[in-house]
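S.K.: what follows is a predicted protein model with its sequence.
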Amino acid sequence: MEPEELAEHMTIACRVNDNGRTALILACRNIQSDIALLLADSMNKVDHVDEVGDTALMWACSNGMTDVAKNLIPKMDKIDHVSRNGGTALILACSSGMIDVAKDLISKMDKVDHVEDKGNTALILACSKEMTDVANDLITKMDKVDHANDRGDTALMWACRNGMTNVAKNLITKMDKIDHVNQSGYTALITACLKEMTDVARDLISKMNKVDHVNKNNNTALILACSNGMTDVANDLISKMDKVDHVNNSDNTALILACSKNMTDVAHNLISKMDKVDHVNNNDNTALILACSKNMTDVAHNLITKMDKVDHVNKKGYTALKWAYEKNMTDVIQKLHSKMKNEKNRPDKIKISSDIIDKITQTLGYRPNKDSLSVHTVNGETFILANACDNERIRKKPKSYTEVVNME
C-alpha cells in the first residue's frame, strides 16, 4: 500500500461519528471480528471512549470476541477504564466467560475489585461462570473478597453453588465474615451441604460461631447434611448446636433423616442431645421405624429407651416391631415387647390355638402352617401375621409379604 493510500485508510479508521464511535468501536459493537482485527493493526491508539463510556475493548469483551480483545489489551494505555454503568473490561470478560482474556487483564491491572452497578465484582462473576483459574488469580490479587451483590450473593456462595471446591477453600481463608445470608435465605454453609461439598462445609463450620440458620425452604445445614449422608459434617454441626430438633417442610428432623440414611454415629449423637425423639414425618415414619427398617440395632435400642410410645404405624402399615421381625432383630423385638403398654396383649403371652387358626383360614382362604404364624400388637390391638408365600391368589408378591389378620 502506498503511503498516501495508507494515510487515507488511517484517517477513516480514526474518524469518530456523531455518537463518539470510531470504526473500531463499531466493528466490535457489531461483532465484526475480521474488520476489528484489521483496524486494530492499523491504529496507533485504540482506547477511544464513546459517548456512553465504552471502549472497543469493552465492546469486544461484552460480545465474547476473544481474539480481538487479546489483540487490543497490549495496545491500550488504560485497561481499567470504567464505563457509565460501572463496567470494566475485566468485569465484562468475566461476565462473558472469557478465561484467557480475563487472565491477561488481571496480569496488567493493579486493582481488580471494582464493583459495577448491580453490585457484581469480577470475582463474583468469575465464580458464577465457573472460571476456576480466573477466580483464584483474582483472590490472590484482592485484599477483601467478601463483597455481596444486589441479590446478596458473595463469590463464596457462587463457588459453593457451582461446586468449585478449591476456590471456595481459598475464599474461606481470606474472608472475615462467612455466614452472610442472601435474599433467598441461603448461607454458604447451607449451599455447601446441599451440594455435598464435605471439605468446604467442614472448613466453614470450623470458622463459624453460629451454624443453625434456617433458609426459606425451612432447612438447616444439619438437615441437609443428614439428607445427603454427610456423616463428618453432621457430627461437626451437632457439636456446635444447642438445638438439633428443627423440623423442615417435609416434617423431617435431622434424626429421622440420619436413620433413613443409616448414619449410626450421627443418630446416636442426635439422640443424646434431644429431649423428644418420637416425631412423625409426612410419611408417618418415626426415627424408630426407620432405624428398624435399616437394621440399626443399637440406634433402635437407644430410641426405645427414650420413647413413651413405640407402636406407631406408618402409611404402609409398618410398625417398628414389624420391621424388627422382618430384619430378625431379636434383642430389639424383646425390648419393644417389654415397652408396650398393654401387657395383656403382649404377643409373647398369646398362644395360637386351633380356633385362631380356623379364623385365619376363613380370612385368608387357605389353612396356613402354624409355624409360619407370628403375633403382634399394634396400637393396643393384637394381630396374627401369616406368611402368605404359598397363597395362590397373591403368589406374585414378594416372599417377604405378610398378611395381617385381626384375632378378634
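M.R.: Arrived safely. Worth saying up front: this structure is predicted, and the values here are computed from it rather than measured. Residues are numbered from 1 along each chain as shown.

S.K.: quick check, Val313 in a helix?
M.R.: No: counting by DSSP: H, G, I helix; E, B strand; the rest coil, one finds Val313 to be coil, located in no helix.

S.K.: pull the number of nearby residues for it.
M.R.: Residues contacting Val313 under the criterion other CB atoms under 10 Å number 16. Placement of C-beta: from N, CA and C, glycine included.

S.K.: tell me how far the closest residue to it other than its chain neighbours lies from Asp245.
M.R.: Spatial nearest neighbour of Val313, excluding adjacent residues (CB to CB, 6 or more residues apart in numbering): Thr319 at 5.4 Å. From Thr319 across to Asp245, the span is 23 Å (CB to CB, to the nearest Å).

S.K.: related to what we said a few turns ago, so how many other residues sit close to the residue nearest to Val313?
M.R.: For Thr319, using other CB under 10 Å, the count is 23.

S.K.: just checking, it touches Lys309?
M.R.: No: counting by CB atoms under 8 Å, Thr319 does not reach Lys309; the two are 10.8 Å apart.

S.K.: what helices or strands is the helix or strand encompassing Ala102 leaning on?
M.R.: Assigned by DSSP states H and E, Ala102 belongs to helix 99-108. In terms of contacts (3 or more CB pairs under 8 Å, 6 or more residues apart in numbering; DSSP states H and E), helix 99-108 is packed against helix 66-72, helix 89-95, helix 132-141.

S.K.: contacts for the second one next, please.
M.R.: Residues external to helix 89-95 that are found in contact with it (CB atoms under 8 Å, 6 or more residues apart in numbering): 55, 57-58, 61-62, 69, 79-81, 101-102, 105-106, 109, 112, 114, 116, 120-123, 125-126, 129, 131, 134.

S.K.: ok, the longest one next?
M.R.: Residues outside helix 132-141 that contact it (CB under 8 Å, 6+ apart): 94, 99, 102-103, 106, 109, 112, 122-123, 126-127, 145, 155, 159, 164, 166-167, 170-171, 174.

S.K.: tell me how far Asp143 lies from Gly119.
M.R.: Counting by CB to CB, the gap from Asp143 to Gly119 is 18 Å.

S.K.: neighbour count winner among these two?
M.R.: Remark: of Asp143 and Gly119, Gly119 carries more neighbours, 15 against 7, as counted by other CB under 10 Å.

S.K.: not including adjacent chain positions, what is the nearest residue to Lys129?
M.R.: Nearest residue to Lys129, sequence neighbours excluded (CB to CB, 6+ apart): Gly97, at 4.5 Å.

S.K.: what about Ala287, how many neighbours?
M.R.: Other residues close to Ala287 by other CB under 10 Å number 33.

S.K.: can you check the pLDDT for it?
M.R.: On the pLDDT scale, Ala287 is placed at 98.

S.K.: after the helix or strand of the chain with the lowest mean pLDDT, which helix or strand is next?
M.R.: Lowest mean confidence among the helices and strands of the chain (mean pLDDT, DSSP states H and E): helix 3-14, at a mean of 45. Following helix 3-14 in sequence order, the next helix or strand is helix 23-29 (DSSP H and E).

S.K.: make a markdown table from the helices and strands packed on helix 99-108 and add mean pLDDT to it.
M.R.: Formatted as a markdown table, the helices and strands packed on helix 99-108 follow (pLDDT from 0 to 100):
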| stretch | mean pLDDT |
| --- | --- |
| helix 66-72 | 97 |
| helix 89-95 | 97 |
| helix 132-141 | 97 |
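
S.K.: can you list these in JSON lines and add mean neighbour count and distance to Ala192?
M.R.: Below are those laid out as JSON lines (neighbours: other CB atoms under 10 Å; distance: least, CB to CB, whole Å):
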{"stretch": "helix 66-72", "mean neighbour count": "21", "distance to Ala192": "33"}
{"stretch": "helix 89-95", "mean neighbour count": "29", "distance to Ala192": "22"}
{"stretch": "helix 132-141", "mean neighbour count": "20", "distance to Ala192": "16"}
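
S.K.: closest to Asp212 out of those helices?
M.R.: Of all the helices and strands packed on helix 99-108, helix 132-141 sits nearest to Asp212, with 28.5 Å by CB to CB.

S.K.: for Asn262, phi and psi?
M.R.: Dihedral pair for Asn262: phi 60, psi 40, per degrees, to the nearest 10.

S.K.: err, Val200, not the other one
M.R.: Note on Val200: its backbone torsions stand at phi -70, psi -50 [degrees, to the nearest 10].

S.K.: I'd like the distance between it and Asp150.
M.R.: With distances taken as CB to CB, Val200 is found 25 Å from Asp150.

S.K.: and those two? Which one has more around it.
M.R.: Neighbour comparison, Val200 and Asp150: the larger count goes to Val200, with 28 against 10 (by other CB under 10 Å).

S.K.: identify the residues contacting the more buried one.
M.R.: Taking CB under 8 Å, 6+ apart, one finds Cys160, Thr165, Ala168, Lys169, Ile172, Ala188, Ala192 in contact with Val200.

S.K.: kindly report the same for Thr286.
M.R.: So Thr286 contacts Ile256, Asp278, His279, Val280, His312, Asn314, Ala320 (CB under 8 Å, 6+ apart).

S.K.: drop anything exposed from these.
M.R.: Among these, those classed as buried by neighbour count (16 or more other CB atoms under 10 Å) are Ile256, His279, His312, Asn314, Ala320.

S.K.: who's in contact with the fourth one?
M.R.: When you say that, I think you mean Asn314. By CB under 8 Å, 6+ apart, the contact list for Asn314 reads Asn283, Asp284, Asn285, Thr286, Ile289.

S.K.: perfect, that will be all.
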